[in-house]
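J.: here is my input; please provide its structure:
(chains A and B, ligands or ions: 4)
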Amino acid sequence: MNRFDYIRAGSVAEAVAAHAAGAAYLASGTNLLDLMKGDVTRPERLVDISRIFGLDAIETLPDGGTRIGALVRNATLAHDPAFAKAYPAVAEALLSGASAQLRNAATTAGNILQRTRCQYFYDTASACNKRQPGAGCDAIGGVTRTHAVLGWSEHCIATHPSDFCVPLAGFDAVVEIEGPAGRREIPLESFHRLPGDAPERETELAPGDLVVAVRLPPEAKAFAAHSRYLKVRERTSYAFALVSAAVGLTFAGDRIGQARIALGGVALKPWRARAAEALLAGAIPSPELFARAADAALQGASPSGDNAAKIDLARRIVVRALTLAQAGTPARIPALPASPFGA
Amino acid sequence: MNSPDTGFPITLTVNGVPRSLVLEDARVTLLDALRERLDLTGSKKGCDRGQCGACTILLDGVRINACLALAVSHDGASITTIEGLADGDVLHPVQAAFVDHDAYQCGFCTPGQIMSAVGLIREGQAGDDPERVREGMSGNLCRCGAYAGITEAVLAAHAAMNAPDVLPGGHLSEDAA
Ligand SMILES: Cc1cc2nc3c(=O)[nH]c(=O)nc-3n(C[C@H](O)[C@H](O)[C@H](O)COP(=O)(O)OP(=O)(O)OC[C@H]3O[C@@H](n4cnc5c(N)ncnc54)[C@H](O)[C@@H]3O)c2cc1C
Ligand code: SF4
Ligand code: FES
Ligand code: FES
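T.: Ligands and ions are numbered 1, 2, ... in the order given. Predicted coordinates for the structure are as follows:
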């Protein structure tokens, strides 16, 4: 780990003012310190935002939506009874991520801003366009089971590893930002960037921008009775997603009202499947319909290496998640959250 | 407080005792502060990257990985380590249950397992469901594969700590074990 200046910010304004070129915000550090220990990232200054007052609240807004402060811990949010009841797929996604120890530390903003788990990004002996623009990408032609099948480019085939972000994208969350240029908001769906020819630019944040909150709209609560997150990983627990899906359905009689679908583990951003949602809206649910929706969700998918299996895996996960959502949100999150082996 | 010349003075309340120290460098993790500066080597360094749970401590009552936390960031915090669990010679109920259930072999992961179990029981999410206990303990790896005993020990400790007739120090009676 390189040496760095350490500055503890007492307020949002102080944090933004203390940020300079080569600086990084420190929330809990479960991702940032890991990357610094591996010399993957070498910030010259850490601006510690973990003590900023007022960023750790879960608030119900006048419109019925929910505002999650940037410093709310992943565990606190997932175990908040009112939140878990209103947004069960978000709670299930959170509880399927990392370990209890990490969720107790991990913050809302830190989670959405965690960096890819591409093993070539982590290995400083490998070429990586994200770490060093223009260096090339050693993942291409390498071991690619965790890599993208949607939205990748010849410059980067990595995926975004967050579970939390998948239902946030599906349920139209909005990211609130304060930065040198003032306040603004970005829908989570367009917050992370696809790699294109600039994989080093990972989000729409400008230098010095601080995420202060994530908001979920009241409309997302309409899906609470039929919402699931499903995640396939290489072991039962404590592993990143190979493929995951967040889905929500509403029903009007025997027809689907609206549908929400987002996929994880398949692209460098949480992947909203709007064509699949449109196909489901107003239709009578059936295994055939769900299979067509899954095909629509994976439209345009192509292997970025030896990972074609993920495309079919993702289709099956969409069908399974829709089937589970139709059956109804369980009264309590299963013992193995989001597991295809759980109840 | 943030000048490399003067170092970073911090105070941590560790196992109930206020401890002041001056970090010469902001890079020191909580794990290294405990092990190298405060001579509390019960918390283990397995991976140093958040992947194994050997460094699990309670930070302000909540279990976390001490290897992925900067000490300077937690100035003023209250910490419990494995050294702070027993009451003199009387083991904490989770420690006693690990002994009773043979929940370790080499013992390297054990301090982290026990701190994690204490945290899990406090969180109150697992109850007496073995599947929830296994999931709740999944952040603690055991190279010796003592998982079956660990799950039994956590269930037994949960029962003992929630039972009205726990013996002093939380030991189970012979028949209850
Ligand atoms: C072993 C292991 C397993 C894991 N498994 C999973 C998993 O299965 N699923 C999953 O989703 N995650 C997983 N994670 C990742 C974990 O969720 C993240 O490390 C965590 O959410 C990061 O939160 P943090 O508060 O510690 O962020 P930090 O590490 O402090 O910050 C992360 C990044 O966000 C930036 N940042 C933080 N806060 C702000 C802010 N307010 N504004 C602007 N920038 C900010 C930092 O500069 C840094 O770049 C795992 C991590 C580990 C170590
Ligand atoms: S896939 Fe992206 S992150 Fe991985 S090595 Fe290539 S450029 Fe780097
Ligand atoms: S040493 Fe901290 S998790 Fe392994
Ligand atoms: S007892 Fe040896 S690693 Fe767990």
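
J.: what number of residues lie near the closest residue to A:D254 other than its chain neighbours?
T.: Of all residues beyond its chain neighbours, the one nearest A:D254 is A:I284 (6.0 Å), with distances taken as Cβ to Cβ, 6 or more residues apart in numbering or on different chains. Placement of C-beta: from N, CA and C, glycine included. As a burial measure, A:I284 scores 9 neighbours (other Cβ atoms under 10 Å in any protein chain shown).

J.: you'd agree B:I57 is up against B:C67?
T.: No - assessed by Cβ atoms under 8 Å, B:I57 is found out of contact with B:C67, at 9.9 Å.

J.: now the residue nearest to A:D254: how far from A:G257?
T.: To A:G257, A:I284 is 12 Å away according to Cβ to Cβ, to the nearest Å.

J.: same check on A:N129?
T.: Noted for A:N129: a distance of 43 Å to A:G257, by Cβ to Cβ.

J.: those two: who's more crowded?
T.: Using other Cβ under 10 Å as the criterion, A:N129 and A:G257 rank with A:N129 on top: 25 against 15.

J.: can you tell me the SS state at the residue in chain A that ligand 1 sits nearest to?
T.: Among the residues of chain A, A:G110 lies closest to ligand 1, at 2.1 Å counting by Cβ to the nearest ligand atom. Assigned with DSSP: H, G, I helix; E, B strand; the rest coil, A:G110 falls in the helix class.

J.: quick check: it touching A:L33?
T.: No - the criterion here is Cβ under 8 Å, and A:G110 misses it with A:L33 at 10.8 Å.

J.: in chain B, which spans are strands?
T.: Taking DSSP state E as the criterion, chain B carries its strands at B:8-14, B:17-23, B:56-59, B:62-65, B:78-80.

J.: try the stretch 1-150 of chain A
T.: A:5-8, A:23-26, A:45-48, A:58-60, A:66-69 (DSSP state E, counting those that start in this stretch).

J.: whether the longest helix anywhere in chain B contacts chain A - can you check?
T.: Secondary structure of chain B read by DSSP state H shows that its longest helix is helix B:147-162. No - applying Cβ under 8 Å from any Cβ of the partner chain, one finds helix B:147-162 out of contact with chain A, separated by at least 11.8 Å.

J.: any buried residues in that helix, and which?
T.: By neighbour count on 16 or more other Cβ atoms under 10 Å in any protein chain shown, the buried set for helix B:147-162 is B:147, B:149-158, B:160-161.

J.: what is the neighbour count of A:P180?
T.: 12.

J.: so it touches A:L210, yeah?
T.: No - using Cβ under 8 Å, A:P180 is not in contact with A:L210, being 9.7 Å away.

J.: between B:I57 and B:C67, what contacts are shared?
T.: B:L30 (Cβ atoms under 8 Å, 6 or more residues apart in numbering or on different chains).

J.: quick one: residues contacting the residue nearest to A:D254.
T.: Contacts of A:I284 by Cβ under 8 Å, 6+ apart are A:254-256.

J.: also B:I114?
T.: B:82, B:85, B:92, B:94-95, B:98.

J.: equivalent analysis for A:L71, please.
T.: So A:L71 contacts A:27, A:49-50, A:52, A:55-56, A:107-109 (Cβ under 8 Å, 6+ apart).

J.: nearest to chain B among the residues you listed?
T.: A:S50 (5.7 Å; Cβ to the nearest Cβ).

J.: count of residues packed around that closest one?
T.: As a burial measure, A:S50 scores 21 neighbours (other Cβ under 10 Å).

J.: same thing with A:D39?
T.: Neighbour count of A:D39, defined by other Cβ under 10 Å: 12.

J.: near chain B, which residues of chain A?
T.: Where chain A comes near chain B, counting by Cβ under 8 Å from any Cβ, the residues are A:1, A:3-8, A:26, A:28-30, A:33-34, A:37-38, A:46, A:48, A:50, A:75, A:79, A:98-102, A:104-105, A:236-238, A:335-337.

J.: can I get stretch A:331-343 in PDB, CA atoms only?
T.: In PDB, the C-alpha atoms belonging to stretch A:331-343 read as follows (Å, rounded to 0.1, in the frame of the first residue of the first chain):
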ATOM      1  CA  ALA A 331     -42.800 -13.800   4.300                       C
ATOM      2  CA  ARG A 332     -39.200 -14.000   5.400                       C
ATOM      3  CA  ILE A 333     -36.100 -13.800   3.400                       C
ATOM      4  CA  PRO A 334     -35.000 -17.500   2.900                       C
ATOM      5  CA  ALA A 335     -32.200 -18.900   5.100                       C
ATOM      6  CA  LEU A 336     -30.000 -18.800   2.000                       C
ATOM      7  CA  PRO A 337     -30.900 -15.500   0.400                       C
ATOM      8  CA  ALA A 338     -31.200 -15.400  -3.400                       C
ATOM      9  CA  SER A 339     -30.000 -19.000  -3.700                       C
ATOM     10  CA  PRO A 340     -31.400 -21.300  -6.300                       C
ATOM     11  CA  PHE A 341     -30.900 -24.000  -3.700                       C
ATOM     12  CA  GLY A 342     -33.000 -22.300  -1.100                       C
ATOM     13  CA  ALA A 343     -36.800 -22.200  -0.600                       C
END
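
J.: avg pLDDT for that stretch?
T.: Stretch A:331-343 carries an average pLDDT of 89.

J.: just confirm yes or no for that stretch near ligand 1.
T.: No - shown here: stretch A:331-343 not in contact with ligand 1 (Cβ under 6 Å from any ligand atom), separated by at least 9.8 Å.

J.: contact partners of that stretch?
T.: Among residues not part of stretch A:331-343, those counted as contacts by Cβ under 8 Å, 6+ apart are A:84, A:88, A:91-93, A:95-96, A:163, A:228-232, A:236-237, A:244, A:317, A:320, A:330, B:129, B:131-132, B:135.

J.: got the buried residues for it?
T.: Applying 16+ other Cβ under 10 Å to stretch A:331-343 flags A:333-339, A:342 as buried.

J.: same check, this time on stretch A:290-308
T.: A:290, A:292-298, A:301, A:303-305, A:307.

J.: just put the residues you listed in CSV and tack on secondary structure and pLDDT.
T.: Output for the buried residues of stretch A:290-308, formatted as CSV (DSSP: H, G, I helix; E, B strand; the rest coil; pLDDT from 0 to 100):
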residue, secondary structure, pLDDT
A:F290, helix, 98
A:R292, helix, 98
A:A293, helix, 98
A:A294, helix, 98
A:D295, helix, 98
A:A296, helix, 98
A:A297, helix, 98
A:L298, coil, 98
A:A301, coil, 98
A:P303, coil, 98
A:S304, coil, 98
A:G305, coil, 98
A:N307, coil, 98
